[in-house]
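**Q** here's my sequence, what's the structure:
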Amino acid sequence: MKTTVSIHDFRTAFSQLRPDNFTYEGLAVLFDYFEDCEQDGEEFELDVIAICCDFSEDDYLSIANDYSIQLEDDLEDEEKMQIVKRYLEDEGVLIGETDNTFVYRQF
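**A** Have a look, this model is predicted:
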């Protein structure tokens, strides 16, 4: 038995179980990713805990720190963000981005 989940349902499920894992905008990025995958034939179950284990949302400095990405001190913030974005793209884990964060599959 299946139920169609709207963006509102998706956000509500996270706000009830894991309200601090993703921002409002980050949940929209993640929801769009799942919808795109489902249009390609892949099905997902709305399992908030499993999603929180597999995906994350962080700012570029946190990601650089967590994955030991070297960022030169003399670079502008925008350049540092692009380095982190390219790193996530190269690893094949970037899902999307908000104004201040990246949503990605943890690895």
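**Q** what mean pLDDT does the one helix or strand A50 maps to have?
**A** Here A50, judged by DSSP states H and E, is contained in helix 48-54. With pLDDT averaged residue by residue, helix 48-54 scores 97.
**Q** likewise for stretch 24-43?
**A** On average, stretch 24-43 scores 95.
**Q** neighbours around the closest residue in space to R105 that isn't next to it in sequence, how many?
**A** Closest residue to R105 apart from its sequence neighbours, by C-beta to C-beta, 6 or more residues apart in numbering: V93 at 4.2 Å. (Each C-beta comes from the backbone N, C-alpha and C, glycine too.) V93 is flanked by 17 other residues according to other C-beta atoms under 10 Å.
**Q** and V93, how far from H8?
**A** For V93, the distance to H8 equals 27 Å [C-beta to C-beta, to the nearest Å].
**Q** for R18, same thing?
**A** Relative to H8, R18 is positioned 17 Å away (C-beta to C-beta).
**Q** neighbour count winner among those two?
**A** Neighbours per residue (other C-beta under 10 Å) separate R18 from H8, with R18 holding more: 13 against 9.
**Q** relative to Q39, how far out is that one?
**A** For R18, the distance to Q39 - C-beta to C-beta - is 26 Å.
**Q** same thing with R105?
**A** Taken as C-beta to C-beta, the span from R105 to Q39 is 19 Å.
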